[in-house]
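J.: From the sequence below, what's the structure:
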Amino acid sequence: MTHPRKMRNRHCPKCLTNARDKWLSVRQKELLPVPYVHVVFTLPHALAPLALHNKKLLYALLLRTSAATLLEIADNRAAGPSPSSSASATH
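T.: As a prediction, this is how the structure comes out:
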């Protein structure tokens, strides 16, 4: 079975690999030349009902305490980089 050159089928390993490699190349050019660390803060499952009915308050608290924790860790490091953050909430 032969495949057309530009099939662009998302299930084709060859097409998917090329698209992924191109996407990664573009994203890597956007990165700053500094080390990155990905940190995830989560809520215990038992707090899910509370979070569902008090999203604004609970997520504000989570972000505030997460930021305070990261700043405290950064303060305890010798001469390291300052933390920067971005946040996203998944439900």
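J.: Check what pLDDT residue 76 gets.
T.: Per-residue confidence for residue 76 comes out at a pLDDT of 71.
J.: roughly how far apart are it and residue 70?
T.: Distance of residue 76 to residue 70, given as CB to CB, to the nearest Å: 11 Å. All C-beta spots, glycine's among them, are computed from the backbone N, C-alpha and C.
J.: more neighbours, those two?
T.: residue 70 (17 against 8; other CB atoms under 10 Å).
J.: so that one touches residue 39, yeah?
T.: Yes - counting by CB atoms under 8 Å, residue 70 does reach residue 39; the two are 7.0 Å apart.
J.: just how off-centre is the helix ranked longest in the chain within its chain?
T.: Looking across the chain with DSSP state H, the single longest helix is helix 55-76. Distance of helix 55-76 from its chain centroid, counting by CA atoms, centre = their mean, to the nearest Å, is 16 Å.
J.: try stretch 42-52
T.: The answer for stretch 42-52 is 20 Å, by CA atoms, centre = their mean.
J.: Please work out which residues outside that stretch touch it.
T.: Stretch 42-52 is contacted by residues 58, 59, 62 when judged by CB atoms under 8 Å, 6 or more residues apart in numbering.
J.: Alright, calling it a day.
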